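K.L.:
heads up, no residue letters with this:
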């Protein structure tokens, strides 16, 4: 299997790569549009700011490539947020693959921003490798609006889409590479898709 991690100049590339190597897969880390387009599966990682990430995607000529992928693809954290139309973070136009907006989390008692830590999932479909009640690790200050594409959520002052699915794209707001057994099962399910 040829698995490409899209190098967009920011992100959790190292930790995602290590997590995949546990399954015997050595990913190709690349910013080359042709290599990404020809991969069997693609991961769009993400740690950082939406504006900078989209600038890098545009500068590397990857926006059209990512929008036109037909193979299984996974956006992680910021990578999931970039699947939506817009982000309030730096007032950024994103990839527009899913309708909706990404908004800053509102701090609340016992719920500081950023949301960093373990939260419990509520899962509405099978086949994701995770189930309702599983705890996964989050690290984010922005969250997507609830959307019809939401297939798992977590509670953090409001319902936060934790996993979205739209066509060939899967998005995880949490970090599967840092989420222990539940995260490993999620990645395994993606690899088997």
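P.N.:
Great, that's in hand. On a predicted model such as this, the values are computed, not experimentally measured, just so you know.
K.L.:
any idea how far the residue nearest in space to the middle of the chain lies from residue 108?
P.N.:
Geometric centre of the chain, nearest residue: residue 76, 2.0 Å, by Cα atoms, centre = their mean. Plainly put, residue 76 is 25 Å away from residue 108 if you go by Cβ to Cβ, to the nearest Å. In this view, the C-beta of every residue, glycine as well, is placed from N, C-alpha and C.
K.L.:
re earlier: so the residue nearest to the centre of the chain makes contact with residue 17?
P.N.:
No: applying Cβ atoms under 8 Å as the test, residue 76 and residue 17 come out as separate, 11.9 Å apart.
K.L.:
Remind me which helix or strand the residue lying closest to residue 155 once chain neighbours are set aside belongs to.
P.N.:
Spatial nearest neighbour of residue 155, chain neighbours left out: residue 119 (7.0 Å); criterion: Cβ to Cβ, 6 or more residues apart in numbering. Per DSSP states H and E: residue 119 is located in strand 115-123.
K.L.:
Same question for residue 163.
P.N.:
Using DSSP H and E, the element containing residue 163 is strand 159-166.
K.L.:
re the thing from before, please spell out which residues along the strand holding residue 119 are buried.
P.N.:
Within strand 115-123, the residues scored as buried using 16 or more other Cβ atoms under 10 Å are 115, 119, 121, 122, 123.
K.L.:
quick one, it and strand 159-166 angle?
P.N.:
Relative orientation of strand 115-123 and strand 159-166, computed by axes from the mean of the first three to the mean of the last three Cα atoms, to 10 degrees: 60 degrees.
K.L.:
Could you give me the buried positions within the helix or strand just after strand 115-123?
P.N.:
Using DSSP H and E, the helix or strand that follows strand 115-123 towards the C-terminus is strand 135-140. By neighbour count on 16+ other Cβ under 10 Å, the buried set for strand 135-140 is 135, 136, 137, 138, 140.
K.L.:
packing partners for the helix ranked longest in the chain?
P.N.:
Longest helix of the chain, by residue count under DSSP state H: helix 180-192. Applying 3 or more Cβ pairs under 8 Å, 6 or more residues apart in numbering; DSSP states H and E, one finds that helix 180-192 contacts helix 13-21, strand 135-140.
K.L.:
closest one to residue 150 among the ones you listed?
P.N.:
Proximity to residue 150 (Cβ to Cβ) singles out strand 135-140 among the helices and strands packed on helix 180-192, at 14.9 Å.
K.L.:
Strand partners (parallel or antiparallel) of the helix or strand hosting residue 101?
P.N.:
Assigned by DSSP H and E, residue 101 belongs to strand 98-104. Strand pairing for strand 98-104, determined by DSSP bridges: strand 84-87 (parallel), strand 142-144 (antiparallel).
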